[in-house]
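Enquirer: Just to be clear, the model below is a prediction. Sequence and coordinates:
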Amino acid sequence: MRRYVSLLLTAALSMTAGLAFHRVFGFGPVVPVAVVAAVIPTALSATLAGPRSNRPWPLWISVVLTTVAWAGTVSVTVLRASLTDGTLPQTLRTGVLGSWKSILTTLLPAPAKPEFLVLVHVLTWLAAFASAELALRTRFRALPALPPLGTFAVALMLGVDGPGSNLPLAAATIVLTIVLILVRSDLSTAVTWRPILLGLPTAAALGALAFLSGPYVPVSADPYNPREQVAAPPPQQRDSVSPLDRVAGWLQSPAQVLFTARSSKPERWRLAVLDQFNGVTWTSSARFVPTGSRVPTTPASGSTRQVTQQITIKSLPGVYVPAADRPRKISGLGVSVDPSSGALAAVSPLRPGQTYTVDSRVREDIDDLPDASAAQDAEAQAALTLPNGPGESKPPVQLTEFRSLAQRATAGASSAGQQAAKLAEFLKTYAKYDVTAPPGHSYRQLDYFLGESRRGTPEHFATAYALLARTLGLPTRVVVGFAGTNDIKSGDVLVWPEVKFADQGWVPFNPMPQHAGRSNSSGAVAAGETQKIEQAQKAAAQNRGPGAGPHRNAPAPGKPAPQKEFTFPTWAYAAIPLVALLATYLLAVLLLPALRKRRRRSGPPAARIAGAWHQALEHLSDVGLAKTKTLTAHEVARYGTTNVGTEAQAHLRPLADLVNQTHFSGATPDDRAAAEAWEHTNNLGRLVTAKAGRTRRLRRRLHPRTLRPR
């Protein structure tokens with residue numbers, strides 16, 4: 001019965017380990033896979049080597065049969081669709097060898113693709129088979145719990161950054177492991193509890209040490225994420241034409257319905273984020289990765305609101321997917337996402353009739369724009385680049401003119417936030433909106449727009465703002481999108497710049513004239529998302545700070561300068577495991593003798609007398625007693641009298657007599673005799689301490705030999 005219960009527990013442990021993949025796929029796809037992969041190999045092992053088998057089959061036969069059984073089971077369950085369409089071998093090979101990398105390059109929760117679920121099936125199956133075989137073929141109590149723990153560890157690594165928590169499953173694993181150890185132990189003897197009583201305080205000490213050292217280890221702030229070690233593949237297909245190059249054509253045919261959007265308010269629909277400029281055109285450096293539905297979030301200050309949108313594609317070309325910023329979750333369409341900007345790209349070109357739903361958080365307002373300072377991180381530094389242009393070795397002459405114009409436009413601004421706001425207000429009145437302006441946004445074309453024509457489309461206003469801001473040291477990027485609700489037409493296209501601030505993130509700015517015409521009657525600014533932001537920009541542009549001139553990236557007035565964060569010394573990281581080992585060893589050598597003495601004082605009188613004699617032998621080892629197998633009890637008593645003193649004879653000789661009477665006379669001792677034996681042993685211990693000294697006894701106690709009883 002104990003072996004059958006052990007098999008049930010190993011199956012439950014393996015099933016729990018398989019369920020830990022719920023942070024990767026969710027519980028729905030994982031539950032049936034984990035149950036099947038845990039039950040079938042356990043039943044197979046029970047049949048071949050279980051309690052009812054007269055003679056267990058050799059292990060190699062079990063391995064061969066479980067391999068065949070796994071291939072058949074996974075083919076008719078997880079890979080059933082591949083079995084019917086003839087792609088089973090390829091899908092099976094991809095799932096076993098490459099699914100781990102595909103999962104690590106997908107934003108969680110990952111789609112429940114058959115080739116992904118194969119990994120869950122094979123790891124759970126291996127854990128269940130190995131655990132069952134160890135339970136049936138070995139006597140080690142805790143060894144069968146190791147294979148499920150290995151699968152659990154893989155699930156933890158692959159599920160980093162996924163939704164949900166594995167704490168309940170971890171607690172269940174601990175409970176099941178303890179029950180498995182108890183079931184496989186012989187509870188009829190008290191010695192069984194010795195490793196458990198030792199393990200509990202050891203585990204408590206290690207847990208306390210981990211808790212205290214946790215804030216100082218290198219991964220205390222940012223847990224290790226294996227996704228950072230795997231290069232994400234590019235999207236399956238990228239748009240060959242930049243959305244920025246389509247703006248002029250859309251404006252020339254403004255009545256074409258590109259998509260329909262259902263939301264509570266008119267929104268600004270982002271299509272593409274372009275952050276790289278080569279002197280001729282703007283492109284995107286987005287690092288698109290596949291996602292099941294989730295889009296990573298980035299911290300942003302200011303008030304936000306939840307927006308749910310249902311979008312249906314009509315005639316929108318390319319692969320870029322429109323959504324209100326910032327998307328949190330998308331369903332109904334397979335997409336890749338850029339974790340940095342939140343931009344979405346379909347895995348294949350968009351088709352008319354495709355419908356999807358997006359949940360977004362839209363920023364309505366920004367805080368402290370007048371005091372905002374420019375960001376200094378790596379992304380911001382890349383967004384300051386002003387290249388020479390293709391094939392050019394010197395900076396273009398237009399940059400000097402752009403910088404001079406930007407400085408005149410922002411004269412009197414004392415912070416980066418004021419500079420950005422004043423530049424947007426300047427361009428609104430500096431040039432006029434003209435849908436017939438020739439397209440293009442290279443250095444020369446923008447020089448013509450700013451210096452001669454002063455007439456342009458959203459393409460010109462946004463790209464001119466981005467370049468002028470970069471000459472002032474403001475990191476910028478360009479966003480292509482639309483404004484409005486219901487039927488979004490080609491004439492609703494918008495292009496706007498964004499500036500990155502240290503505490504605000506990317507903030508949109510509107511350099512367009514107030515009465516720029518579009519097909520919708522929504523006005524120059526989309527409702528909800530930008531009205532309050534525009535008001536904040538106007539207020540920042542009118543604010544006069546105490547200083548003047550270009551912004552110098554210094555802390556805003558009244559704000560404390562950032563303090564250098566304390567870093568734990570590197571040498572301490574190597575010392576932590578040594579300290580943990582030392583603490584565990586000290587706990588063991590100090591606790592084991594006490595537990596051993598407690599066990600010797602329990603049981604019937606004869607066992608207690610024998611325990612008193614063994615305790616006396618340990619006392620005498622402090623004065624040089626080594627081997628006792630060839631010595632009689634009275635010979636040991638004479639040795640103790642010689643090396644401890646004549647006072648010891650009064651305790652050793654009566655104790656030796658009690659031991660001999662118990663083992664050789666056949667008489668049954670009583671409780672009084674056992675108590676007398678332990679009284680002699682305790683008195684002998686005090687005499688030995690006085691003779692050998694407490695320092696010597698402590699050194700002997702700390703020696704590794706004390707971990708093993710005499």
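Expert: Thanks, I have it. Quick caveat, the model's predicted, so the values are computed rather than measured.
Enquirer: all contacts plus neighbour counts: C-alpha atoms, from now on.
Expert: Noted.
Enquirer: if you skip the residues just before and after it, what's nearest to W506?
Expert: Leaving out its chain neighbours, the residue that sits closest to W506 by CA to CA, 6 or more residues apart in numbering is K500, at 4.2 Å.
Enquirer: residues contacting the residue positioned nearest the centre of the chain?
Expert: Central residue of the chain (CA atoms, centre = their mean): V160, 2.8 Å from the mean position. When contacts are counted by CA atoms under 8 Å, 6 or more residues apart in numbering, V160 touches 23, 225-226.
Enquirer: Mind giving me the ChimeraX select for those residues, buried ones only?
Expert: Selection command for ChimeraX covering only the buried members of the contacts of V160, criterion 16 or more other CA atoms under 10 Å:
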select :23
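Enquirer: Can you show me the strands along the stretch 501-650 of the chain?
Expert: Listed in chain order, the strands found in the stretch 501-650 of the chain under DSSP state E, counting those that start in this stretch are 505-508.
Enquirer: Show the low-confidence segments of it, by residue range.
Expert: Applying pLDDT under 70 to the stretch 501-650 of the chain flags residues 515-533, 543-581, 584, 588, 627-629.
Enquirer: I'd assumed P390 was in a helix, is it?
Expert: No. Looking at P390 with DSSP: H, G, I helix; E, B strand; the rest coil, it is coil, so not inside a helix.
Enquirer: What does the pLDDT read for it?
Expert: Here, the pLDDT recorded for P390 equals 84.
Enquirer: before we move on, back to that, how about the helix or strand harbouring the residue nearest to W506 as PDB, C-alpha atoms only?
Expert: With elements delineated by DSSP states H and E, K500 resides in strand 493-501, which encompasses its position. Only the C-alpha atoms of strand 493-501 are listed here, as PDB (Å, rounded to 0.1, in the frame of the first residue of the first chain):
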ATOM      1  CA  VAL A 493      -4.000  60.900 -40.900                       C
ATOM      2  CA  LEU A 494      -1.800  62.600 -38.300                       C
ATOM      3  CA  VAL A 495       1.900  62.900 -37.700                       C
ATOM      4  CA  TRP A 496       3.100  64.200 -34.400                       C
ATOM      5  CA  PRO A 497       6.500  64.400 -32.600                       C
ATOM      6  CA  GLU A 498       7.200  63.100 -29.100                       C
ATOM      7  CA  VAL A 499       9.900  64.200 -26.600                       C
ATOM      8  CA  LYS A 500      11.300  62.000 -23.900                       C
ATOM      9  CA  PHE A 501      11.600  63.600 -20.400                       C
END
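Enquirer: which residues touch that strand?
Expert: For strand 493-501, using CA under 8 Å, 6+ apart, the contacting residues are 244, 247, 250-251, 372-375, 380, 416-417, 420, 458-459, 461-463, 465-466, 474-483, 505-511.
Enquirer: and it, how far from the chain's centre?
Expert: Going by CA atoms, centre = their mean, to the nearest Å, the spacing between the C-alpha centre of strand 493-501 and its chain's C-alpha centre is 32 Å.
Enquirer: again with stretch 670-689
Expert: Distance of stretch 670-689 from its chain centroid, counting by CA atoms, centre = their mean, is 59 Å.
Enquirer: Kindly report the same for stretch 641-657.
Expert: For stretch 641-657, the distance from its own C-alpha centre to the chain's C-alpha centre is 65 Å (CA atoms, centre = their mean).
Enquirer: So which bits of it are buried?
Expert: So, applying 16+ other CA under 10 Å, buried residues of stretch 641-657: 641, 643-644, 648-649, 651-656.
Enquirer: Please apply the same query to stretch 321-336.
Expert: Applying a neighbour-count criterion of 16+ other CA under 10 Å, one finds 321-330, 333-336 buried in stretch 321-336.
Enquirer: cool, and stretch 26-40?
Expert: With the criterion 16+ other CA under 10 Å, stretch 26-40 contains buried residues 26, 29-40.
Enquirer: Could you check how far A656 is from T385?
Expert: Remark: distance between A656 and T385 (CA to CA, to the nearest Å) = 92 Å.
Enquirer: wait, what's in contact with L450?
Expert: By CA under 8 Å, 6+ apart, L450 lies in contact with 431, 464.
Enquirer: Report the secondary structure state of it.
Expert: What three-state DSSP gives for L450 is helix.
Enquirer: now the helices: where do they sit in the stretch 251-400 of the chain?
Expert: Here the stretch 251-400 of the chain has its helices, by DSSP state H, counting those that start in this stretch, at 378-382, 398-409.
Enquirer: Mean neighbour count, the ones you listed: which tops it?
Expert: The highest average neighbour count among the helices of the stretch 251-400 of the chain, using mean count of other CA atoms under 10 Å, belongs to helix 398-409 at a mean of 17.
Enquirer: what's the weakest-modelled helix or strand in this protein?
Expert: Lowest mean confidence among the helices and strands of the chain (mean pLDDT, DSSP states H and E): helix 193-213, at a mean of 67.
Enquirer: low-scoring stretches of the stretch 101-250 of the chain, by residue?
Expert: 186-200, 214-224, 231-240.
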